[in-house]
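**Q** Pasting the sequence and the predicted coordinates here, then a few questions.
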Amino acid sequence: MNAVLESLIGSEPEIEAAAFVRGDGAVESSTFRSKAQESRIGAMAAAIVDVCNRASAEIGRGEPTEVAIAGADGYVAIVSAKDDRYLVCATSLAADVRTVLATMRVVVDSSQTAGECVSPAQQG
């Protein structure tokens, strides 16, 4: 999975780091620099997904499939995958969030059809 994450980062220069995170916050694979950073990202992603699920249910919009959060120094994007798993990316402020989310969706969708994660470069 790390090769897929590295390829994702290589395909979108504004993506600074990426991880596959389970719904409980456990990080399955990541390109984050440290285990401490990896743990924070896992916990943060699980908390965000939980809040988004509850909010979406309250307003009757179904289960969320993607979330993007803008910060002063960049974005955090989360795309749902299969089996209570999520692809999480941290980007620079210069990122085109729509493009990043679309690229993340390609990686996630290909993983659901192929049974494993496929990098953007392998898509064609």
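**A** Noted; the coordinates are in hand. Residues are numbered from 1 along each chain as shown.
**Q** quick one: the nearest residue to residue 12 once chain neighbours are set aside from residue 41, how far?
**A** Closest residue to residue 12 apart from its sequence neighbours, by Cβ to Cβ, 6 or more residues apart in numbering: residue 103 at 5.3 Å. (Glycine included, C-beta is placed from N, CA and C.) Here residue 103 is placed at a distance of 19 Å from residue 41 (Cβ to Cβ, to the nearest Å).
**Q** For the biggest helix by length in the chain, name the packing helices and strands.
**A** Longest helix in the chain by number of residues, with DSSP state H as the criterion: helix 35-58. Under the contact definition 3 or more Cβ pairs under 8 Å, 6 or more residues apart in numbering; DSSP states H and E, helix 35-58 sits against strand 15-22, strand 27-30, strand 66-71, strand 74-80, strand 85-92.
**Q** okay, the angle between that helix and strand 85-92?
**A** Comparing the axes of helix 35-58 and strand 85-92 via axes from the mean of the first three to the mean of the last three Cα atoms, to 10 degrees yields an angle of 110 degrees.
**Q** so helix 35-58 versus strand 66-71, what angle?
**A** 120 degrees.
**Q** Now find how far off-centre helix 35-58 is within its chain.
**A** With Cα atoms, centre = their mean, to the nearest Å as the basis, helix 35-58 stands 11 Å off its chain's centre.
**Q** and the angle from that helix to strand 74-80?
**A** Angle, helix 35-58 to strand 74-80, by the same axes, to 10 degrees: 60 degrees.
**Q** tilt between helix 35-58 and strand 15-22?
**A** Going by the same axes, to 10 degrees, helix 35-58 makes 70 degrees with strand 15-22.
**Q** buried ones in helix 35-58?
**A** 38, 41, 42, 44, 45, 46, 48, 49, 52 (16 or more other Cβ atoms under 10 Å).
**Q** For the residues you listed, give me CSV that also has distance to residue 72 and pLDDT.
**A** As requested, the buried residues of helix 35-58 are exported to CSV (distance: Cβ to Cβ, whole Å; pLDDT from 0 to 100):
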residue, distance to residue 72, pLDDT
38, 22, 88
41, 18, 92
42, 22, 93
44, 16, 94
45, 19, 95
46, 23, 95
48, 17, 95
49, 22, 94
52, 21, 94
